[in-house]
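K.L.:
Provided below are the primary sequence and the corresponding predicted coordinates.
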Amino acid sequence: MASSASRFIKCVTVGDGAVGKTWQEDYNRLRPLSYRGADVFVLAFSLVSRASYENIMKKWIPELQHYARGVPVVLVGTKFDLREDKHYLMDHPGLVPVTTAQGEELRRQIGAMYYIECSSKTQQNVKAVFDAAIKVVIQPPTKLREKKKKKSRKGCSMVNILSGRKMLCFKS
């Protein structure tokens, strides 16, 4: 029977106070101490708080780059259930929820590995957030790219070069 080595993954969740995580704002000076040794960050903003969305670029990315450069990020839009909640939107006139497209664009801008929208109230996609965080640590994208490069360098492939077909063969 083969045994597999187990390891702990340090996943640190960061974001504004309104996003649904638990952290006392009184302890902001201590927050960067929790970053040491992090394997992955879950960077959260509320889908119904434009300010928390904007703070990803203004506050959180600069802080993570300063204290934990190179640690992968999973971007998470929280409170997914409220984005389409008519009662909530009526109670908050002028509120313009963050769209999925805006979240994806932010993911691209900050270089996050994944963007996931979730709701702790309905539990929608909560597991997916942590599955993505684990996957980023266990299978870092650089390793995935190296595997793809190794695979793509074996064999031959047809390519069009200015309408003329050429056969290119690669050795590993």
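P.N.:
Now that the structure is in, tell me what you want to look at.
K.L.:
what about stretch 39-47, distance to the chain center?
P.N.:
6 Å (Cα atoms, centre = their mean, to the nearest Å).
K.L.:
now do stretch 39-57
P.N.:
How far stretch 39-57 lies from its chain's middle: 10 Å, per Cα atoms, centre = their mean.
K.L.:
avg pLDDT for that stretch?
P.N.:
Per-residue pLDDT over stretch 39-57 has a mean of 96.
K.L.:
in this structure, which helix or strand is least confident?
P.N.:
Of all helical and strand segments in the chain, the minimum by mean pLDDT, DSSP states H and E falls on strand 155-161, at a mean of 40.
K.L.:
any idea how far Asn55 is from the one residue sitting closest to the centre of the chain?
P.N.:
Central residue of the chain (Cα atoms, centre = their mean): Val74, 1.8 Å from the mean position. Distance, Val74 to Asn55, by Cβ to Cβ, to the nearest Å: 17 Å. The way it works is simple: take the backbone N, C-alpha and C, and place the C-beta from them, glycine included.
K.L.:
what about Val98, neighbour count?
P.N.:
By other Cβ atoms under 10 Å, the residues close to Val98 number 21.
K.L.:
tell me the SS of it?
P.N.:
Classification of Val98 by DSSP: H, G, I helix; E, B strand; the rest coil places it in coil.
K.L.:
that one touches Ala51, doesn't it?
P.N.:
No. Assessed by Cβ atoms under 8 Å, Val98 is found out of contact with Ala51, at 10.7 Å.
K.L.:
re the thing from before, residues contacting the residue nearest to the centre of the chain?
P.N.:
Val74 makes contact with 40-43, 112-116, 129, 132-133, 136, according to Cβ atoms under 8 Å, 6 or more residues apart in numbering.
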